[in-house]
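In: Generate coordinates for the sequence data below:
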Amino acid sequence: MALYKFDKFKAEKADNSPELTIIVSKSNKTSQAIKTAVIVADGAIFTKSIC
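Out: Below is the predicted model of the structure:
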């Protein structure tokens, strides 16, 4: 979320997002936690973009 930038109206869009790789053991709790975090982050970014 710290990498979010509102650039909807900018003429030039550059993708400066760093690539991220997470290595964890295969567990359902970890998978569910990551899915939940992605959903929350996507919701926050969507909310910021419509305001």
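In: contacts for the helix or strand hosting residue 35?
Out: Using DSSP states H and E, residue 35 maps to helix 28-50. Residues from elsewhere that reach helix 28-50 (Cβ atoms under 8 Å, 6 or more residues apart in numbering): 1, 4, 6, 8, 22, 24. C-beta coordinates here come from the backbone N, C-alpha and C atoms, glycine included.
In: list the contacts for the third one?
Out: Put plainly, it is residue 6. 48-49.
In: And the last one, by the same measure?
Out: The contact partners of residue 24, by Cβ under 8 Å, 6+ apart, come to residue 30.
In: Distance-wise, check it relative to residue 31.
Out: Distance, residue 24 to residue 31, using Cβ to Cβ, to the nearest Å: 9 Å.
In: ok, back up a step: just the CA trace of the helix holding residue 35, in CSV.
Out: Only the C-alpha atoms of helix 28-50 are listed here, as CSV (Å, rounded to 0.1, in the frame of the first residue of the first chain):
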residue,chain,number,x,y,z
ASN,A,28,-3.4,-23.5,4.2
LYS,A,29,-3.1,-20.8,6.9
THR,A,30,-0.4,-19.0,5.1
SER,A,31,-2.2,-19.2,1.7
GLN,A,32,-5.4,-17.9,3.3
ALA,A,33,-3.6,-15.1,5.0
ILE,A,34,-1.9,-14.0,1.8
LYS,A,35,-5.2,-14.1,-0.1
THR,A,36,-6.9,-12.0,2.6
ALA,A,37,-4.1,-9.5,2.5
VAL,A,38,-4.3,-9.2,-1.3
ILE,A,39,-8.1,-8.7,-1.1
VAL,A,40,-7.7,-6.0,1.6
ALA,A,41,-4.9,-4.2,-0.3
ASP,A,42,-6.8,-4.3,-3.6
GLY,A,43,-9.9,-2.9,-1.9
ALA,A,44,-8.0,-0.1,-0.3
ILE,A,45,-6.3,0.9,-3.6
PHE,A,46,-9.7,0.8,-5.4
THR,A,47,-11.2,3.0,-2.7
LYS,A,48,-8.4,5.5,-3.0
SER,A,49,-8.8,5.6,-6.8
ILE,A,50,-12.6,6.4,-6.7
